[in-house]
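Undergrad: I'll drop the sequence and a predicted model, then ask my questions.
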Amino acid sequence: MPKNSKRYRAHADKVPAEPVDLTKAVEILKSFGDTKFDQSVEIHMRLGVDDKQADQVVRGSLVLPHGIGKTQRVVVFAKGDLAEAAKEAGADEVGQDDLAKKIKDGWLEFDVCIATPDMMGMVGPLGRVLGPRGLMPSPRAGTVTTEVAKTVQEYKAGKVEFRNDKGGNVHAIVGKLSFDANKLQENIEAFMEFIDSLKPAAIKGTYVKGVAIAATMSPGIRIAA
């Protein structure tokens, strides 16, 4: 629970006991914007998937209609023309051995790591550092690619990555509390629709079991299916 428990409890009192429609949930959430900083808005979706089954993993990335309200710091492992293309697209750092050593030595001041396929032999050993932080490049997430310029631009525009955790939950940032209510709602709807489109064929029962939205320092608000 946040330190300011009195404030938190006051907000919790506003949260309905039952799930509400998305428009109402966004309206309630925006009333929690009384902190000195612009809180991030997160979505949490509980899915009926079994993480131990490879064909039930829900993972991917998408560019939200209105971005996420922050400029993501992007590093790229590439060489030659692709390295130049990454720099021109706005990558914060582009390198090879030098970048690998920097990360191995503890530098992790970035939000996204992209690599061309021929760089994965170099990036692979960094998995112990990047993996636990969700920063390891992956073909499935689209961060192992030869289209580095396009991928850098997408992440700079507000692309989000996600992967269900061991409990079958998917979490992602979908904007800032300062966003207009309709823009926040459109981002949330886009994310939910995208998750729906990724329903594994192996799922026979209920796929989406629960959805909630929350801000950085707010209680969660459940959304009616």
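TA: Happy to help now that I have it. Predicted model, so just to flag it, every value in this text is computed and none were measured.
Undergrad: and the biggest helix by length in the chain, what's buried?
TA: Ranked by residue count, the top helix of the chain under DSSP state H comes out as helix 181-197. For helix 181-197, the neighbour count (16 or more other Cβ atoms under 10 Å) marks 183-188, 190-192, 194-195 as buried. No exception for glycine: its C-beta is placed from N, CA and C like everyone else's.
Undergrad: which residues touch it?
TA: Around helix 181-197, the neighbours that count as contacts under Cβ atoms under 8 Å, 6 or more residues apart in numbering are 22-23, 26-27, 29-30, 41, 43, 45, 47, 58, 60, 62, 64-66, 68, 160, 170, 172, 174-175, 179, 207-208, 211, 213.
Undergrad: residue ranges with poor pLDDT in the chain?
TA: Counting by pLDDT under 70, the chain shows low-confidence ranges at 1-4.
Undergrad: hey, where'd the helices end up in the protein?
TA: 5-12, 22-30, 80-88, 97-104, 120-123, 127-130, 148-157, 181-197.
Undergrad: and the last one, how far from the chain's centre?
TA: Averaging C-alpha coordinates over helix 181-197 and over its chain gives two centres that are 13 Å apart (Cα atoms, centre = their mean, to the nearest Å).
Undergrad: from now on call the first residue 12
TA: Understood, numbering begins at 12; the last thing we discussed is helix 192-208.
Undergrad: so that helix versus helix 33-41, what angle?
TA: Helix 192-208 runs at 120 degrees relative to helix 33-41, counting by axes from the mean of the first three to the mean of the last three Cα atoms, to 10 degrees.
Undergrad: would you agree residue 71 is in contact with residue 173?
TA: Yes. Using Cβ atoms under 8 Å, residue 71 makes contact with residue 173 at a distance of 6.6 Å.
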